[in-house]
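Q: Need coordinates for the following:
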Amino acid sequence: MLSVEQALHNLQQTVPGKPGTETVDLEHAHRRVLAEAPVAITDIPPADNSAMDGFAVAYGDLKPGMPVTLPVSARQPAGQAPMPLQPGTAVRIFTGAELPPGADTVIIQEDCRYDTKQVCINVAPEAGANVRRQGEDMRKGQVLLEPGRRLQAADIALLAAGGIGRVTVYRRLTAALLITGDELVQPGEPLPAGRIYDSNTPMLRALLENMGFETAPYHVPDTAEDTIAILRQSATADVIISTGGVSVGEEDHVGNALATLGRTAFWKIAMKPGKPFLFGEVNSTPLFGLPGNPVSALVTFCIFARPFLSAMQGGEFVKPRHWPVKAGFNMTRTSPRQQFLRATLVQEDDHGELTAVPLGRQGSAALDSLSQADALVVIPPEKVISETDPVEVILLAELLSL
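A: Numbering: from 1, shown residues only. Model prediction:
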């Protein structure tokens, strides 16, 4: 069995080249991977503006003693070009409004007594207070984001603020999703005796679509002929993700079908859950053979498939990050495999360390504990853990969000 680290290393060496590109409107760019480095076409912000509702003044007009009373000479809402500040006066100004020429400081309205004709400033401000300076976020011509970045909501806002309406991104990839098992029934349908509902398809579709993949699901009957036929058909996609059929049972046909149509790069990982994970290719199309149990399928997808698929889309091959916490449990029974325990993270107080407390049900089909977990505790092979020992966790929110 390969170690988790060796499997990740092998996967990183086999990522295909970057896909082609296309240019899309910014409104359709969320979760797409940048193929260019867009530059700002304007300063951000484009001019000095007010950070607060209040009064714009020239700092030199404020007398050393406080309070100071100034006449209000104008009203400056956001979205209107300002008129110059008349010397010795104040301008009523609102958040986001461009600062009038001649003004350099904004007094927040909570520090004033005012009406429409005059304002009494009660608190001495610092020079330049409450002003967002032109270009303090970004300068015109500055690179906003680097290629390979998966665009999140904050990135979209930054690009929009920089005047970018369209971006060049890598082509959206397709994933064929093969779910094996004659026992599976679609949720919402009647459940005959001996059958179970299919939880892997909706789970993996959500994971893949969250990464920006288009998905094509296939249900694969438990026969060698059907498995070969559907595997051949699905190889037109950019990647194949299968669940089940990768163990050693008489109804497990994926491995043999792969031997007929392509090749197996490696099979079986020294991990729990997820031991029967398989990776190979069909006609140069990568195939991830995930275990059939839903917890094992999700863990192996997130640990192995996710970084590979991210790199395949033009992003980085980013291994799951490990974070240090304190063990809230004892583990005296060791395992030759690396274990991933579902756990909640508990903090005794605002300044205390996070403690990982494993959930009760750790079976590879126990979706309730997976849904409740905050993290996966990583237990190295043959490791004994005592309560309060330092351990490492992988945050599920980080694994599932990308």
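
Q: only C-alpha atoms for contact and neighbour calcs from this point on.
A: Noted.

Q: For this protein, give me the ranges with low pLDDT.
A: 247-251, 402 (pLDDT under 70).

Q: What are the structural domain limits within it?
A: 4-15+173-188+213-312, 21-44+138-170, 49-132, 323-401 (automatic domain parsing).

Q: so how far is the longest one from its chain's centroid?
A: Distance, stretch centre to chain centre, for domain 4-15+173-188+213-312: 23 Å (Cα atoms, centre = their mean, to the nearest Å).

Q: Just the terminal-to-terminal distance for that domain.
A: 20 Å (Cα to Cα, to the nearest Å).

Q: before we move on, what about the shortest one?
A: Across domain 21-44+138-170, the terminal residues are separated by 4 Å (Cα to Cα).

Q: Show residues contacting stretch 191-200.
A: With Cα atoms under 8 Å, 6 or more residues apart in numbering as the test, stretch 191-200 has contacts from Ile179, Glu183, Leu184, Val185, Gln186, Pro187, Thr243, Gly292, Pro294, Ala297.

Q: hang on, the earlier thing: now the domains of the chain as JSON lines including mean neighbour count and distance to Leu204?
A: Conversion of these to JSON lines gives the following (neighbours: other Cα atoms under 10 Å; distance: least, Cα to Cα, whole Å):
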{"stretch": "domain 4-15+173-188+213-312", "mean neighbour count": "20", "distance to Leu204": "8"}
{"stretch": "domain 21-44+138-170", "mean neighbour count": "18", "distance to Leu204": "17"}
{"stretch": "domain 49-132", "mean neighbour count": "19", "distance to Leu204": "43"}
{"stretch": "domain 323-401", "mean neighbour count": "17", "distance to Leu204": "11"}
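
Q: Kindly reformat those as JSON lines containing distance to Met203.
A: Shown next, in JSON lines, are the domains of the chain (distance: least, Cα to Cα, whole Å):
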{"stretch": "domain 4-15+173-188+213-312", "distance to Met203": "8"}
{"stretch": "domain 21-44+138-170", "distance to Met203": "18"}
{"stretch": "domain 49-132", "distance to Met203": "43"}
{"stretch": "domain 323-401", "distance to Met203": "11"}
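
Q: Where does the residue of the chain most remote from its centre sit, in terms of helix or strand?
A: Using Cα atoms, centre = their mean, the residue of the chain lying farthest from its centre is Gly65. It sits 52.8 Å away. If you go by DSSP states H and E, Gly65 is not part of any helix or strand.

Q: Go through the contacts of stretch 191-200 and flag which are in helices.
A: Pro294, Ala297 (DSSP state H).

Q: so can I have TSV of the contacts of stretch 191-200 showing distance to Pro19?
A: Listed next are these as TSV, based on distance: Cα to Cα, whole Å:
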residue	distance to Pro19
Ile179	26
Glu183	37
Leu184	34
Val185	35
Gln186	33
Pro187	35
Thr243	25
Gly292	30
Pro294	30
Ala297	26
